[in-house]
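Engineer: Okay, here's the prediction I keep looking at, along with the sequence it came from:
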Amino acid sequence: MITNHVPCEIKIDQHENTLALALAGDWVLDADTPSLEPLFAKMLKSSTVKRLVFSTQALGHWDSLLMTDLIRVIDHGNQQGIEVDTTTLPEGIQGLLNLVYAVPERLDAKRQDTQRRWLEVIGETAISAVTEASSLLTFVGETVLSVGALLRGKARFRTVDLWINIQDCGPSAVPIITLISFLIGLILAFVGALELALFGAQIYIADMVGLGMTREMGGFMAAIIMSGRTGAAFAAQLGTMQVNSEIDALKTMGFKPMEFLVLPRMLALILIMPMLCLYADLMGIIGGSLVTVGFFDVSFLEYFDRTSGAIHLKDLMVGVTKCSVFGVLIALSGCLRGMQCGRSASAVGKAATSAVVTCIVFIVIADSTMTLICNRLGI
Amino acid sequence: MSTPCLTIKNMTMVYGDFVIQRDLDFTINSGDVFIIMGGSGCGKSTLLMHLIGLQHPSKGQVFYGTESLWEADINVRQRILKRTGVLFQSGALLSSMTLAENIALPLSQHTKLSAMRIREIVSYKLALVGLAGFEDYYPAEISGGMQKRAGLARAMALDPEILYFDEPSAGLDPISAKLLDDLIRSLRDNLGSTIVMVTHELASIFAIGTNSVFLDADTKTMIAGGPPKQLLAESTDPKVVRFLTRGVMEKHHLHTTNSQEHSEL
């Protein structure tokens, strides 16, 4: 960019039916340009002016700024039926003008903002909800088919992909699961202890933390962490593969993306989630024990004795089963959003976001439903 | 006409411990259409990254005029680089913005122009590259060739003195490639910009190149330079000749004596 030196000026002279427009100064991006309105006021159909010529002897540097003004003048001239003679302009400007007018504007390319009526909006929302639901069902159906293929030993994917996914979902997630579950156990213990200590029933903190972690919180928190950590990652991976046409490439090579990409991810999560759940349970109980032993005059031995008395195998089974279901849901929604991803960078971001949202909604709904069922059946 | 615009002095480029090119020494004059050519993997695009300030040379200098790009502090470097525009291989338009927003981005960030004026400039730039009326399209909604031209419009947004092109005709059909070449040439002629182009499209090289440098992957340095047509006529280096003739025509008379001649640039 050239910095501004000489101020821009225009001078308009009229000889009979010809307007002479003299341009002077440096017409560069950071310059202040004179208004073209006085010129346009003279260039009217009704006026006697039939022709416009330029003189550029005093014109200094110029760039896009001058070009846009010239284009406005020419367009205005065309509108008002005035001939604009560009032959006296410098050669460079003439060349650029030729380029600009070489390809006529595609009028059909222009977009109109149409005001949509509220009925239309409601209708479209309803339709998109239906298509959304049907695409979800299709996806679930395809997943079931590919699991069927797996059971018949016909699913094609690379075993190494399964191991890589297990590594990503399992061991790599251990630190964050440790931290969160430990703190959840700690919090549960504190929340319960304040009330229980009033009755001198501190020892029941062990029951509360133990049952709370195993039946509910351990698996639930593990699932929430994994939906943010792994669900989003699945969506972003598959979405980027979509952007790079990698999924198309797999299809043309005769692989089914559902088997090749979705199955290893889903299997990895189904295998790993129960283990993460048990691990989270243990960490929560340890967290609870620290609070109870540290603040409420209960010994470690008493605490763990109480815990082992309170938790039954079925409690663990309930927690682990729930967590396996969450694993399926996380893999489903992560992969679904990834496969639905559009073909741009922002679409990948959207896919990851909506994967996490979908995961969490599914998890909460599934958890409530299963808790209700367990409660009704007395499990 | 032949004022040096860009001077590369004794530059070595590395990737980790791996030397890509060493001892690069050449000058790009104002108004040139300068071609950086060579086989695949010889470091053409890497050289471009070094010129536009994205990668630091391990040794040597890049001078814009008389200012050294890499010895200057960050503000000076920003100012130097504001005088350049880059068209990346795939256009590199920001996919979450419309074409108009893409082109308006540098204008609204680096100038104090009014929104109205920016809109006019955007329309003008799009018209220049033959995309008038496509302001409100997203990059994903237009073809690859159009994306490339829109990328060119964005590269030209600030009226740069130097325009860099990374493989402009890659992925275009011959006719679109020719139109793009014509466009580049007429922009050079009309705007007086200097063009630096990485390419291995022979048609483009001979059609619009006024000067060039040839990078070789085996010896890891430049082995020839000069106007492409002159190189074709006079070069004696078998690699250069094979490249410029698509390996069809081997020169029968190799002058092994004057091997210094082709590195005169």
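Structural biologist: Good, I have the coordinates.
Engineer: From here on, just use CA atoms for contacts and neighbour counts.
Structural biologist: Fine.
Engineer: Just the C-alphas of stretch A:338-351, formatted as CSV.
Structural biologist: Output in CSV follows, covering the C-alpha atoms of stretch A:338-351 (Å, rounded to 0.1, in the frame of the first residue of the first chain):
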residue,chain,number,x,y,z
GLY,A,338,-19.0,-37.2,12.4
MET,A,339,-20.6,-39.0,9.5
GLN,A,340,-23.2,-36.3,9.0
CYS,A,341,-20.5,-33.6,9.0
GLY,A,342,-20.4,-31.1,6.2
ARG,A,343,-17.4,-30.3,4.1
SER,A,344,-15.8,-27.3,5.8
ALA,A,345,-13.8,-26.4,8.8
SER,A,346,-16.7,-24.8,10.6
ALA,A,347,-18.8,-28.0,9.9
VAL,A,348,-16.2,-30.0,11.8
GLY,A,349,-16.6,-27.7,14.8
LYS,A,350,-20.3,-28.0,14.6
ALA,A,351,-20.1,-31.8,14.4
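Engineer: where along the chain do the strands fall?
Structural biologist: Looking at chain A here, since you left the chain open. Taking DSSP state E as the test, the strands found in chain A are A:9-15, A:18-27, A:51-55, A:59-62, A:83-85.
Engineer: try again with chain B
Structural biologist: All strands of chain B, identified by DSSP E, fall at B:4-15, B:18-29, B:33-38, B:59-64, B:67-68, B:84-87, B:162-166, B:194-198, B:211-216, B:221-225.
Engineer: Now render the ones you listed as CSV, adding distance to chain A, mean neighbour count and mean pLDDT.
Structural biologist: Shown next, in CSV, are these (distance: least, Cα to the nearest Cα, whole Å; neighbours: other Cα atoms under 10 Å in any protein chain shown; pLDDT from 0 to 100):
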stretch, distance to chain A, mean neighbour count, mean pLDDT
strand B:4-15, 15, 18, 88
strand B:18-29, 18, 19, 89
strand B:33-38, 17, 27, 90
strand B:59-64, 14, 20, 88
strand B:67-68, 16, 17, 86
strand B:84-87, 9, 23, 90
strand B:162-166, 11, 24, 91
strand B:194-198, 14, 25, 91
strand B:211-216, 22, 25, 90
strand B:221-225, 29, 23, 86
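Engineer: Pipe the ones you listed into CSV and attach distance to B:Ser204 per row.
Structural biologist: Listed next are the strands of chain B as CSV, based on distance: least, Cα to Cα, whole Å:
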stretch, distance to B:Ser204
strand B:4-15, 22
strand B:18-29, 18
strand B:33-38, 9
strand B:59-64, 25
strand B:67-68, 30
strand B:84-87, 16
strand B:162-166, 12
strand B:194-198, 10
strand B:211-216, 12
strand B:221-225, 16
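Engineer: Show me the one of these that comes nearest A:Leu377.
Structural biologist: Of all those, strand B:4-15 sits nearest to A:Leu377, with 65.1 Å by Cα to Cα.
Engineer: ok now that closest one, how far from the chain's centre?
Structural biologist: Offset of strand B:4-15 from its chain centre (Cα atoms, centre = their mean, to the nearest Å): 14 Å.
Engineer: Please save the CA atoms from that strand in PDB.
Structural biologist: Taking Å, rounded to 0.1, in the frame of the first residue of the first chain, the C-alpha atoms of strand B:4-15 are listed here in PDB:
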ATOM      1  CA  PRO B   4      15.600  -5.700  -7.300                       C
ATOM      2  CA  CYS B   5      12.400  -6.300  -5.400                       C
ATOM      3  CA  LEU B   6      13.400  -9.400  -3.500                       C
ATOM      4  CA  THR B   7      16.900 -10.700  -2.900                       C
ATOM      5  CA  ILE B   8      17.600 -14.100  -1.500                       C
ATOM      6  CA  LYS B   9      21.200 -14.400  -0.200                       C
ATOM      7  CA  ASN B  10      22.900 -17.600   0.600                       C
ATOM      8  CA  MET B  11      19.800 -19.200   2.100                       C
ATOM      9  CA  THR B  12      19.600 -22.700   3.600                       C
ATOM     10  CA  MET B  13      16.300 -24.300   4.400                       C
ATOM     11  CA  VAL B  14      16.000 -27.300   6.700                       C
ATOM     12  CA  TYR B  15      13.200 -29.500   8.000                       C
END
